[in-house]
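Engineer: Generate coordinates for the sequence data below:
(one chain, ligands or ions: 2)
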Amino acid sequence: MNEQLKKLYTLAQRPERRIIGLMSGTSLDGLDVALCRVSGSGLDTSLRVEHFATVPYAESFKQEIRAIFAKRHIDFQQLCLLNPYIGTYHGRLVRQCLSQWGVEPAAVDLVASHGQTVYHAPRAQHQLPDYPNATLQIGDGDHVAVTTGIITLSDFRQRHIAAGGEGAPLAVYGDYLLFTKKGENRILLNMGGIANFTYLPASAEADAVFTTDTGPGNTLLDAFTQKYFNEPYDSDGAYATAGTCHPGLLRALKDHPFFDAPFPKTTGPEVFNQTFVAVAQEKSDAHSLSANDLLATLARFSADTIVAAIRRATHISEPHTLYVSGGGAHNPVLMQGIREQLPTSFQICKIDELGVSGDAKEAVLFAVLANETVAGGKVNFGNRAGVPSVSMGKISFPE
Ligand SMILES: Nc1ncnc2c1ncn2[C@@H]1O[C@H](COP(=O)(O)OP(=O)(O)OP(=O)(O)O)[C@@H](O)[C@H]1O
Ligand SMILES: CC(=O)N[C@H]1[C@@H]2OC[C@@H](O2)[C@@H](O)[C@@H]1O[C@H](C)C(=O)O
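Structural biologist: Numbers count the residues shown, from 1 in each chain. Ligands and ions are numbered 1, 2, ... in the order given. Have a look, this model is predicted:
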């Protein structure tokens, strides 16, 4: 038998595995690296984050990704080159983190690598009846495996699509295993570039969980903060706080078919980008808005569409706890916009209260997905649209 297969077979049977989860999200801020100890599998999974870091990307690297990111027309050679380049680069960042943490690569069992989404095209977006839901993540897993010397699982989203999903959100699979609590209706809201949530009903039944993207989280705020202030994001919502929301533009922003489409649904910066905002400004005669007023309106837009989705998807008057994660949890304007629109039956707190840092959560979730693929079985989510009962990730051997 292949030695690597033997190794995988052995580690799959152990009660505990050490897994590094990697996430590089739509904000392009950096690589999230979470070293986790994962024991058990399925509903018996328990997880402890031993180390976490976000390794920031250099501006030149961000520019290279932006040249192909969420664009219909790109330099194909650059896409081809970036695929192995990002895999190797992520592998090197993993080695760098391990060395800082004083952990030998040989002491890690698996890497779970999300890669970098460069294009997301669910059917509702591309509207080509002969084509399926589609999404593309680059940063090939073979290169991560060879660079780290660790067996790597990657490209998680294709199996989800092959089973009828849109390739996202995948967080629900980890959320259900780690955070379900009988007797408590939980909503786990992640505000990254795009916002999404997982609904974990008090019944704790797998076939009642629910997940969807809600629309923009930080992506538009980031784009316009970069454009007008040459800063990566509106730190603590300072620019938005200095502005005033423009009601006409807000209405025009919300007038997009994504928001009326049935759940579950997914989206990305392919839809919610500067062109989308320019069209809404045109429609609402709001071209000459100040940068601060624009940011105030965009923050309101994210908060309103998040709350509208939660209202549509839940029995709003029942008690719920909303656990917030992702970079948007650090933006007080977004947090306030959400808080003031939810009824008092909603308790709002950060996911950190459940023992996982909100910045680490997505990377941690990929570690859980890899653990399930290697050591678990399939959770039966019943016939919930958007949550096919699958295990995900392709396996790459370092040797
Ligand atoms: N102090 C802060 N004030 C305001 N915004 C912040 C702050 N800290 C982080 N953010 C926001 O969070 C973003 C990064 O969030 P995160 O890393 O969760 O996104 P991501 O994982 O790249 O996106 P996605 O989940 O859509 O793939 C930043 O780009 C910024 O907009
Ligand atoms: C295609 C893609 O990369 N989608 C991301 C993105 O970032 C947030 C939201 O849009 C979510 O649907 C997804 O990521 C998280 C990790 C998920 O799949 O749950």
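
Engineer: just the helices in the stretch 151-300 of the chain please.
Structural biologist: With DSSP state H, counting those that start in this stretch as the definition, the stretch 151-300 of the chain shows helices at residue ranges 157-162, 171-179, 219-229, 238-241, 247-254, 257-260, 274-283, 291-313.

Engineer: my read: Val108 touches Ile150, true?
Structural biologist: Yes. Contact criterion C-beta atoms under 8 Å: Val108 and Ile150 qualify, at 5.3 Å. Where you see a C-beta, it was placed from the backbone N, CA and C, and this is true even at glycine.

Engineer: just to revisit the earlier point, deepest in the core, which of the helices of the stretch 151-300 of the chain is it.
Structural biologist: helix 171-179 (a mean of 24; mean count of other C-beta atoms under 10 Å).

Engineer: Check whether it comes near ligand 2.
Structural biologist: Yes. Part of helix 171-179 sits near ligand 2 under the criterion C-beta under 6 Å from any ligand atom, namely Ala171.

Engineer: Put the alpha carbons of that helix into PDB.
Structural biologist: What follows is helix 171-179 as a C-alpha-only set of coordinates in PDB (Å, rounded to 0.1, in the frame of the first residue of the first chain):
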ATOM      1  CA  ALA A 171     -19.800  27.100   7.200                       C
ATOM      2  CA  VAL A 172     -23.100  25.400   8.100                       C
ATOM      3  CA  TYR A 173     -21.400  22.000   8.100                       C
ATOM      4  CA  GLY A 174     -19.000  23.000  10.800                       C
ATOM      5  CA  ASP A 175     -21.400  25.300  12.600                       C
ATOM      6  CA  TYR A 176     -23.900  22.400  13.000                       C
ATOM      7  CA  LEU A 177     -21.300  20.100  14.500                       C
ATOM      8  CA  LEU A 178     -19.500  22.600  16.800                       C
ATOM      9  CA  PHE A 179     -22.200  25.000  17.900                       C
END
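
Engineer: which neighbours do Val108 and Ile150 share?
Structural biologist: Ile20 (C-beta atoms under 8 Å, 6 or more residues apart in numbering).

Engineer: Next up, the contacts around the closest residue to ligand 1 within the stretch 201-350 of the chain.
Structural biologist: For the stretch 201-350 of the chain and ligand 1, the shortest gap (C-beta to the nearest ligand atom) falls at Gly327, measuring 1.7 Å. For Gly327, the contact set (C-beta under 8 Å, 6+ apart) comprises 27, 29, 191-192, 217-218, 233, 359.

Engineer: Using CSV, lay out those together with neighbour count.
Structural biologist: Compiled in CSV, the contacts of Gly327 are given as follows (neighbours: other C-beta atoms under 10 Å):
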residue, neighbour count
Ser27, 20
Asp29, 20
Met191, 27
Gly192, 21
Gly217, 31
Asn218, 28
Tyr233, 20
Asp359, 19
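
Engineer: possible to save those residues as CSV with pLDDT and distance to ligand 2?
Structural biologist: Output for the contacts of Gly327, formatted as CSV (pLDDT from 0 to 100; distance: C-beta to the nearest ligand atom, whole Å):
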residue, pLDDT, distance to ligand 2
Ser27, 92, 9
Asp29, 93, 12
Met191, 98, 9
Gly192, 97, 5
Gly217, 98, 7
Asn218, 98, 10
Tyr233, 97, 15
Asp359, 96, 13
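
Engineer: out of these, which are inside strands?
Structural biologist: Met191 (DSSP state E).

Engineer: Just name the closest of the contacts of Gly327 to Glu50, please.
Structural biologist: Asp359 (15.3 Å; C-beta to C-beta).

Engineer: and that closest one, backbone torsions?
Structural biologist: phi -80, psi -30 (degrees, to the nearest 10).

Engineer: Quick one: residues contacting it.
Structural biologist: Contacts for Asp359 were tallied using C-beta under 8 Å, 6+ apart; they are 32, 52, 54, 325-327.

Engineer: can you rerun that using 7 Å?
Structural biologist: By C-beta atoms under 7 Å, 6 or more residues apart in numbering, Asp359 lies in contact with Thr54.

Engineer: and the gap between the residue in the stretch 1-150 of the chain positioned nearest to ligand 1 and Pro398?
Structural biologist: Closest residue of the stretch 1-150 of the chain to ligand 1, C-beta to the nearest ligand atom: Gly25 (2.3 Å). In this view, Gly25 and Pro398 are 26 Å apart by C-beta to C-beta, to the nearest Å.

Engineer: And for Ile150?
Structural biologist: With C-beta to C-beta as the criterion, Ile150 and Pro398 are 6 Å apart.

Engineer: Just the terminal-to-terminal distance for stretch 149-157.
Structural biologist: With C-alpha to C-alpha, to the nearest Å as the measure, stretch 149-157 spans 23 Å from end to end.

Engineer: and that stretch, does that touch ligand 1?
Structural biologist: No. Contact of stretch 149-157 with ligand 1 (C-beta under 6 Å from any ligand atom) is absent, the minimum separation being 12.0 Å.

Engineer: Give me the distance from that stretch to the chain's centre.
Structural biologist: Centroid separation for stretch 149-157 versus its chain: 17 Å, with C-alpha atoms, centre = their mean, to the nearest Å.

Engineer: Now Leu31: which helix or strand?
Structural biologist: Element membership for Leu31 (DSSP states H and E) is strand 30-39.

Engineer: Show residues contacting that strand.
Structural biologist: 15-24, 45-57, 90, 93-94, 97, 101, 103, 360, 362-364, 367-368, 371.

Engineer: and if you look at stretch 227-240?
Structural biologist: 29, 218, 221-222, 225-226, 291-292, 295-296, 299, 331-334.
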